[in-house]
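Engineer: Structure here, sequence nowhere to be found:
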């Protein structure tokens, strides 16, 4: 039995915490995954997993083996990548994580032309509104919007994403339209929990003078799409990334507030581990997303 395949099966089970999910990820049966892991344990003469009917977890030996095992397979993959880099066509897997709302809409639109141009690239897009550990989950790339918190990753800024302050027309008709940022303190504000300051929004006028609006925050959420939906429902004034409200602004469900003032922008970033060799296909994808075509598809600027 191939040692590398048994190691890949072991890593997949460790990452998925499930033999069934590992098999689905690898494209093989649960029975074969179990057979691979059992064979590896027999070779090592050590139990790598604690198994119950409800969960699978690493033993102390398994946790130690995982780090070295992952390092060995990454080196093997790097060697394969060096050979493939001399080929004309891009080929192989790319594993990405991204925020749910952005990933299922604008990012997907930007990925479509890349995948059409490179049909031998196999994408594994994992959407989550929680921060995913790239190395531990075996991911190549993370797409993130806003302030970066993990200084251990290398970041490339792909584009700027404008923030739009907006509200439903019925809310504005009932509560009035604020004429300057200070007036926001008398309004109900819906806040994206991902922003760095949850109690104030910054604005700049045409002369470049800064205005800080103190907020009356009643509701916050960690997903921009949720805040935008609540604004559409007439619950208050929201400040959202452009992609989350673009369609609603176009249809009239939302109306821009304080359009003569400029507010902050979010950065759209590609992040990857510092010790990870970037394959040609991953570099090509990052370059595509940073290109004018990619930025336009993502609804970003810059």
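Structural biologist: Looks like it arrived, so ask away. None of the values given here were measured: they were computed from a predicted structure.

Engineer: Going by neighbour count, which residues of the top strand by length along the chain are buried?
Structural biologist: Ranked by number of residues, the top strand in the chain under DSSP state E is strand 154-167. The neighbour-count check on strand 154-167 (16 or more other CB atoms under 10 Å) flags 158-159, 161-167 as buried. From N, CA and C alone the C-beta is placed, and that goes for glycine too.

Engineer: Now pLDDT and distance to residue 288 too, for these, in TSV please.
Structural biologist: Formatted as TSV, those follow (pLDDT from 0 to 100; distance: CB to CB, whole Å):
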residue	pLDDT	distance to residue 288
158	92	10
159	89	12
161	87	17
162	88	21
163	91	25
164	94	26
165	96	31
166	97	30
167	97	35
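
Engineer: before we move on, back to that, please compute how far the longest strand of the chain lies from its chain's middle.
Structural biologist: For strand 154-167, the separation from the chain centroid amounts to 13 Å (computed by CA atoms, centre = their mean, to the nearest Å).

Engineer: Output the contacting helices and strands for it.
Structural biologist: Using 3 or more CB pairs under 8 Å, 6 or more residues apart in numbering; DSSP states H and E as the contact criterion, the elements in contact with strand 154-167 are helix 224-232, strand 237-241, helix 242-251, strand 255-256, strand 265-272, helix 280-290, helix 292-297.

Engineer: all helices for this structure, in order.
Structural biologist: 3-16, 19-26, 30-44, 60-84, 100-102, 108-117, 134-137, 169-175, 224-232, 242-251, 280-290, 292-297 (DSSP state H).

Engineer: I'd like to know which of those helices is closest to residue 216.
Structural biologist: Nearest of the helices of the chain to residue 216, taken as CB to CB: helix 169-175 at 11.3 Å.

Engineer: what separates that closest one from the chain centre, distance-wise?
Structural biologist: Worked out by CA atoms, centre = their mean, helix 169-175 lies 34 Å from the chain centre.

Engineer: swap in stretch 225-232?
Structural biologist: Counting by CA atoms, centre = their mean, stretch 225-232 comes out at 19 Å from the chain centroid.

Engineer: same deal with stretch 163-177?
Structural biologist: Relative to its chain's centre, stretch 163-177 lies at 30 Å (CA atoms, centre = their mean).

Engineer: quick one: terminal-to-terminal distance for stretch 140-155?
Structural biologist: End-to-end distance for stretch 140-155: 13 Å, by CA to CA, to the nearest Å.

Engineer: Buried by neighbour count: which residues of stretch 22-34 qualify?
Structural biologist: 22-23, 25-26, 28, 33-34.

Engineer: ugh, wrong one, I meant stretch 122-132
Structural biologist: Neighbour counts over stretch 122-132 (16+ other CB under 10 Å) mark 127, 129 as buried.

Engineer: Pick the one among the buried residues of strand 154-167 closest to residue 48.
Structural biologist: Using CB to CB, residue 158 comes nearest to residue 48 of the buried residues of strand 154-167, at 38.7 Å.

Engineer: follow-up on the earlier one: among the buried residues of stretch 22-34, which two are most distant?
Structural biologist: Greatest spacing in the buried residues of stretch 22-34, by CB to CB: 25 and 34 (14.3 Å).

Engineer: Name the stretch among the helices and strands packed on strand 154-167 that sits most buried.
Structural biologist: Neighbour counts (mean count of other CB atoms under 10 Å) averaged over each of the helices and strands packed on strand 154-167 peak at strand 237-241, with a mean of 28.

Engineer: OK, contacts around the one residue sitting closest to the centre of the chain?
Structural biologist: Nearest to the mean C-alpha position of the chain, by CA atoms, centre = their mean, lies residue 98 at 1.6 Å. Applying CB atoms under 8 Å, 6 or more residues apart in numbering to residue 98 gives the contacts 107, 125-127, 142-144.

Engineer: Perfect, I'm done here.
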